[in-house]
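> Provide a 3D model corresponding to the input given below.
(one chain, ligands or ions: 1)
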Amino acid sequence: MKIRIRQNYRVEVFPEEPFYKEKDPEKLHQRMMRDLEILKASIERHCDIGDACTSYDSEEQCSFCGIRWEIDKETKEPACCNAAIDEFQKENPGATLENKEVE
Ligand SMILES: [Zn+2]
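Below you'll find the model as predicted:
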């Protein structure tokens, strides 16, 4: 017989996005973490059941086009846009496809 096991009960609280959108990803992260700590402290101050914790999801994106960061399996270069490829080639001179094929 199949039974349903319910577990990991939790409350998820999503902070408001800042009115002023911070363009620097690191500054935005610091601001959001500060807001999460304020929310966490408020929950802990008003509730005696359970523990509060902060977390976030992350992924790597291209700073030029905003698409999820991926590397082309054959060329070993960024797979999203020419700007990322150009930057990669400037940072990795000699790492062109032709050189890789010789190896
Ligand atoms: Zn890109």
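> Pull up the gap between Glu77 and the ion, please.
Applying Cβ to the ion, to the nearest Å, one obtains 11 Å for the distance of Glu77 from the ion. Glycine gets a C-beta too; all of them are placed from N, C-alpha and C.
> most residues in a single helix of the protein, which one?
Selection of the longest helix in the chain by residue count, based on DSSP state H, yields helix 25-46.
> Can you list the buried residues in the very next helix or strand once past that helix?
Tracing the chain C-terminally past helix 25-46 and defining elements by DSSP states H and E, one meets helix 82-91 next. Within helix 82-91, the residues that qualify as buried by neighbour count (16 or more other Cβ atoms under 10 Å) are Ala84, Ile85, Glu87.
> ok, and of those residues, which contact the ion?
Filtering the buried residues of helix 82-91 for proximity to the ion (criterion: Cβ under 5 Å from the ion) leaves Ala84.
> Tell me the buried residues in stretch 46-66?
Burial within stretch 46-66, assessed by neighbour count using 16+ other Cβ under 10 Å, is assigned to Ala52, Cys62.
> roughly how far out does it sit from the chain middle?
9 Å (Cα atoms, centre = their mean, to the nearest Å).
> ok, now stretch 15-34?
13 Å.
> same question for that stretch, mean pLDDT?
pLDDT averaged over stretch 15-34 equals 86, rounded to a whole number.
> Now do Phe88 against Pro18, distance only.
Phe88 sits 32 Å away from Pro18, taking Cβ to Cβ, to the nearest Å as the criterion.
> Check Ser63 too.
If you measure Ser63 against Pro18 using Cβ to Cβ, the figure is 20 Å.
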